[in-house]
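Q: fold the following for me, if possible:
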Amino acid sequence: MLLNMLFQKNTARELVTLSLRIIFLIHWLVALTLIKGHSASI
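A: Got it, this is the predicted structure:
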């Protein structure tokens, strides 16, 4: 029971960190494309 609770907490934490990494990657890619588009327009 205790191990199951710990496992669930760990997986939840991993999911949160994973989603944060994905969001950060998407944000970084969008910023890169915007910078490229801006430099191309100039």
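
Q: can you get me a residue count around residue 28?
A: 10 (other C-beta atoms under 10 Å). The way it works is simple: take the backbone N, C-alpha and C, and place the C-beta from them, glycine included.

Q: any idea how far it is from residue 18?
A: Noted for residue 28: a distance of 16 Å to residue 18, by C-beta to C-beta, to the nearest Å.

Q: also residue 10?
A: Taking C-beta to C-beta as the measure, residue 10 falls 12 Å from residue 18.

Q: what touches both of those two?
A: Residues touching both residue 10 and residue 18 by C-beta atoms under 8 Å, 6 or more residues apart in numbering: none at all.

Q: list the buried residues in stretch 11-31.
A: Across stretch 11-31, burial judged by 16 or more other C-beta atoms under 10 Å covers no residue at all.

Q: now do that stretch: distance to the chain's middle.
A: Remark: stretch 11-31 is offset 1 Å from the chain centroid, using C-alpha atoms, centre = their mean, to the nearest Å.
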